[in-house]
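Peer 1: For reference, the sequence and a predicted model appear below.
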Amino acid sequence: MSTFGLHSLIQSATKDDSVDLRSICQTLDIKLKIDENLQDLCKVGIDENKQAIIWLNSTLDKKTKFTLVAIAVAEYILHPESVANPGVIYDMFFLRDLNTNKATKLIMLATRLAVPEHIIEKISNSLEAQFSKEDQNERFDTEAYILNAQYLPEFIRCVIKESSSMFLIDNLTNKFN
């Protein structure tokens, strides 16, 4: 998938203030499965039928599931060879370090698969406005957006403005051709 294709995929799944992650999974032909026996939180890999699968631990809450699916889809796009063999596993330590890893291609892409660019811009501007004298009436209610999002709050707080993150994503080389 070219960078243009990736932008188009995200744009086509963006509806108002959210990105339809299920639509992205369908487009990329990634199946989601709840796994009662999975010891870790999530695994993304290829099954015996060459089908991309994201296995989720059955004990996860909805926000954690959505967050892990966004990250696993980004992993599938960025590192298909790792996903294919042997697969990639996410545990509680991975989620604990989200903020530390927010400048990685994986988290930058994952946040864009979950949050529309215009909202990322508003969140970034809102955080910057805390340190400036911006009109209070024009401020975006970041906390309300985070509270109502279907993703973990710490994941949403990992968003980075387009000017820095999209430069890296635009320059990524992935194996989807």
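Peer 2: Good, I have the coordinates.
Peer 1: Tell me how far the residue nearest the centre of the chain lies from residue 71.
Peer 2: Nearest residue to the geometric centre of the chain (Cα atoms, centre = their mean): residue 110, 2.2 Å. As for residue 110, its distance to residue 71 is 4 Å (criterion: Cβ to Cβ, to the nearest Å). From N, CA and C alone the C-beta is placed, and that goes for glycine too.
Peer 1: about what we covered before: with the flanking residues excluded, which residue is spatially nearest to the residue nearest to the centre of the chain?
Peer 2: Of all residues not flanking residue 110 in the chain, residue 74 sits nearest, at 3.9 Å (Cβ to Cβ, 6 or more residues apart in numbering).
Peer 1: My reading is that residue 158 lies in a strand. Confirm?
Peer 2: No - per DSSP: H, G, I helix; E, B strand; the rest coil, residue 158 lies outside any strand segment and is coil.
Peer 1: hang on, it packs against residue 106?
Peer 2: No - the pair residue 158 and residue 106 does not pass the contact test of Cβ atoms under 8 Å, sitting 10.4 Å apart.
Peer 1: Can you pick out the residue with more neighbours from those two?
Peer 2: Between residue 158 and residue 106, counted using other Cβ atoms under 10 Å, residue 158 has the larger neighbour count: 23 against 17.
Peer 1: what about that one, distance to residue 17?
Peer 2: Residue 158 sits 18 Å away from residue 17, taking Cβ to Cβ as the criterion.
Peer 1: Residue 112 now?
Peer 2: 14 Å.
Peer 1: Comparing those two, which shows the higher neighbour count?
Peer 2: Neighbours per residue (other Cβ under 10 Å) separate residue 112 from residue 17, with residue 112 holding more: 24 against 13.
Peer 1: Correct me if wrong, but that one is in a helix.
Peer 2: Yes - judged by three-state DSSP, residue 112 forms part of a helix.
Peer 1: quick one, phi psi at residue 90?
Peer 2: Backbone torsions of residue 90, given as degrees, to the nearest 10, read phi -120, psi 130.
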